[in-house]
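*Asks:* need a structure here:
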Amino acid sequence: MKVHEYQAKEILSQAGVAVPAGGVARTPEEAKQIAEGMGKVVVKAQVHAGGRGKAGGIKSASNSDEAKRAAEAMLGTRLTTFQTGPEGVPVSAVLVEEELKVSRELYVGMVIDGAAGGVVVMASESGGVEIEEVAQATPEKILKVAIDPVLGLQPYQGRRIAYFLGIEPGQVREVTSMMSSLYGVFLENDCSLAEINPLVVTAEGAVLAADAKINVDDDALFRHPEILELHDPEQEDSLEAAAAENGISYVKLDGDVGCMVNGAGLAMATMDVTTFAGTSPANFLDVGGGADEEKVAKALSIILSDPSVRRVLVNIFGGILRCDVVARGVIMAAEAAPASVRPMVVRMLGTNAEEGRQILEASNLEVTLVGDLKQAAESLQGMV
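*Replies:* Model prediction:
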């Protein structure tokens with residue numbers, strides 16, 4: 001689960017990380033009130049997407065009246081960045097902060113690294129841009145430090161990070177303490193990502209988190225009701241939100257082949273099949289091993305609600321989830337919204353596979369039944 005920048009900064013501030021002075025506003029008048037007496041400020045659209053500056057979602061203001069006008073221009077609109085897609089995301093709040101006199105922009109972040117078996121710190125002198133761009137263009141500018149899950153972040157590791165960032169000797173202790181606080185936030189909130197970009201050094205020598213991003217592991221939210229209250233469903237893709245409400249693992253992608261599968265590994269293989277066929281997947285969807293007919297129907301309905309889907313690939317290995325249950329769920333979804341049904345390629349193996357195929361053959365659906373993934377790919381190619 002993602003939280004907004006202002007929410008991430010509140011969490012970091014409570015942990016002792018310095019952040020710029022400011023406040024969140026949901027009306028232009030609130031933005032003006034926050035900006036009064038602050039001098040020059042920055043008005044930042046609060047959305048779950050990067051690239052706000054290039055998209056007009058960050059504006060400078062010399063006084064409170066300009067801050068109000070900047071907020072008026074953003075609030076109630078949809079901001080489109082390279083991370084949102086053409087539909088954009090709604091701007092319901094803006095963060096009004098003091099404008100900093102920045103001397104340097106740095107990057108620090110923490111992620112879970114499966115290969116390292118724990119949390120890895122990433123640091124770079126190239127702050128203010130997406131870390132993916134730095135990694136691709138100049139990977140030597142990124143320091144990676146693995147944290148021992150038992151010992152935690154050690155002081156010498158914090159100092160190593162500070163030295164790599166070229167921090168002045170008098171600021172090393174401050175940066176080391178900040179890294180320790182960031183790691184504490186990461187652990188205490190079961191984060192999958194905690195990022196400060198940019199971490200700025202001001203002309204006066206202060207070190208502050210000018211921007212922050214925190215993602216919390218969805219599977220740990222039951223331990224953090226206070227974090228769950230920060231959830232903003234308006235920032236999510238509507239189909240992904242509907243899937244989450246029904247306990248379905250779904251991620252919207254850019255292709256036109258809707259994929260319904262049981263099992264995450266099988267889902268990844270199925271997506272590879274669509275690519276092999278010269279097409280591309282419109283989604284990742286794992287309906288789960290314990291789904292019933294209603295859940296299968298809901299999963300297919302979500303896929304068919306995506307206007308970019310031109311055909312559907314159903315790939316089921318029957319076990320706890322029987323193939324006949326899947327077949328009846330598919331028909332249930334088709335009967336509920338017959339106008340939305342697209343041609344389907346269906347592969348069923350395992351428990352009650354023959355019964356499931358017979359159910360689909362007896363239906364009025366445009367279904368191509370196949371026995372293996374090669375046939376599935378060839379059938380998809382024939383539908384191009």
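*Asks:* low-confidence stretches in this protein?
*Replies:* Flagging of the chain using pLDDT under 70 yields the residue ranges 384.
*Asks:* what residue is smack in the middle of it?
*Replies:* residue 2 (6.7 Å; Cα atoms, centre = their mean).
*Asks:* which other residues reach the longest helix along the chain?
*Replies:* Longest helix in the chain, counting residues (DSSP state H): helix 172-188. Helix 172-188 is contacted from outside by 11-12, 15-18, 108, 110, 119, 121, 147, 152-153, 155, 157-159, 161-163, 165, 167, 191, 194, 196, 199, 207, 209, 214, using Cβ atoms under 8 Å, 6 or more residues apart in numbering. Quick note: C-beta positions are derived from backbone N, CA and C, even for glycine.
*Asks:* drop anything exposed from those.
*Replies:* 11-12, 15, 17, 108, 110, 119, 121, 147, 153, 157-159, 161-162, 165, 167, 191, 194, 196, 199, 207, 209, 214 (16 or more other Cβ atoms under 10 Å).
*Asks:* run the chain-centre distance for stretch 119-130.
*Replies:* Stretch 119-130 sits 18 Å away from the centroid of its parent chain (Cα atoms, centre = their mean, to the nearest Å).
*Asks:* just stretch 357-371 next, same as before
*Replies:* Put simply, stretch 357-371 sits 36 Å off its chain's centre (Cα atoms, centre = their mean).
*Asks:* got the end-to-end distance for it?
*Replies:* Stretch 357-371 has an end-to-end distance of 11 Å (criterion: Cα to Cα, to the nearest Å).
*Asks:* what comes up buried for it?
*Replies:* 357, 359-360, 365, 367-370.
*Asks:* what's next to it, contact-wise?
*Replies:* By Cβ under 8 Å, 6+ apart, stretch 357-371 touches 323-324, 327-328, 330-331, 334, 341-348, 376, 379.
*Asks:* re earlier: any buried residues in the longest helix of the chain, and which?
*Replies:* 172, 174-176, 178-187.
*Asks:* got the buried residues of stretch 357-371 as a markdown table, with secondary structure and distance to residue 71 columns?
*Replies:* Below are those laid out as a markdown table (DSSP: H, G, I helix; E, B strand; the rest coil; distance: Cβ to Cβ, whole Å):
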| residue | secondary structure | distance to residue 71 |
| --- | --- | --- |
| 357 | helix | 58 |
| 359 | helix | 56 |
| 360 | helix | 54 |
| 365 | coil | 51 |
| 367 | strand | 53 |
| 368 | strand | 54 |
| 369 | strand | 57 |
| 370 | strand | 55 |
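*Asks:* going by distance to residue 270, which of those residues wins?
*Replies:* Among these, residue 370 lies closest to residue 270 (Cβ to Cβ), at 12.2 Å.
*Asks:* bridging residues for the closest one?
*Replies:* residue 347 (DSSP bridges).
*Asks:* if we can go back for a sec, ok, and the closest non-adjacent residue to the residue nearest to the centre of the chain?
*Replies:* Counting by Cβ to Cβ, 6 or more residues apart in numbering, the nearest residue to residue 2 once its immediate chain neighbours are dropped is residue 48, at 4.6 Å.
*Asks:* what is the burial count for the one you found?
*Replies:* 18 (other Cβ atoms under 10 Å).
*Asks:* same thing with residue 125?
*Replies:* Using other Cβ under 10 Å, the number of residues around residue 125 comes to 17.
*Asks:* show me where the stretch 201-350 of the chain has strands.
*Replies:* Ranges of strands in the stretch 201-350 of the chain, per DSSP state E, counting those that start in this stretch, are 207-209, 212-216, 249-252, 257-261, 283-286, 311-318, 344-350.
*Asks:* how about the last one: buried residues?
*Replies:* Spelled out, it's strand 344-350. Those would be 344-348, for strand 344-350 by 16+ other Cβ under 10 Å.
*Asks:* figure out how far that strand is from the centre of its chain.
*Replies:* With Cα atoms, centre = their mean, you get 30 Å for strand 344-350.
*Asks:* and the host helix or strand of residue 376, which residues are buried?
*Replies:* Following DSSP states H and E, one finds residue 376 within helix 373-382. Across helix 373-382, burial judged by 16+ other Cβ under 10 Å covers 373, 376-377, 379-380.
*Asks:* what does stretch 76-87 give?
*Replies:* So, applying 16+ other Cβ under 10 Å, buried residues of stretch 76-87: 79-81, 84.
*Asks:* could I get that stretch in CSV with only the CA atoms?
*Replies:* Taking C-alpha atoms only, stretch 76-87 is exported to CSV below (Å, rounded to 0.1, in the frame of the first residue of the first chain):
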residue,chain,number,x,y,z
GLY,A,76,-10.0,18.8,-8.6
THR,A,77,-8.0,18.0,-11.7
ARG,A,78,-6.4,14.8,-12.8
LEU,A,79,-2.6,14.8,-13.1
THR,A,80,-1.1,12.8,-15.9
THR,A,81,2.6,11.7,-15.5
PHE,A,82,4.7,8.9,-17.1
GLN,A,83,3.6,6.7,-14.2
THR,A,84,-0.2,7.2,-14.4
GLY,A,85,-1.1,6.5,-17.9
PRO,A,86,-3.2,8.8,-20.1
GLU,A,87,-6.2,8.8,-17.7
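*Asks:* identify the residues contacting it?
*Replies:* So stretch 76-87 is contacted by 45, 47, 49-52, 54-57, 88-92 (Cβ under 8 Å, 6+ apart).
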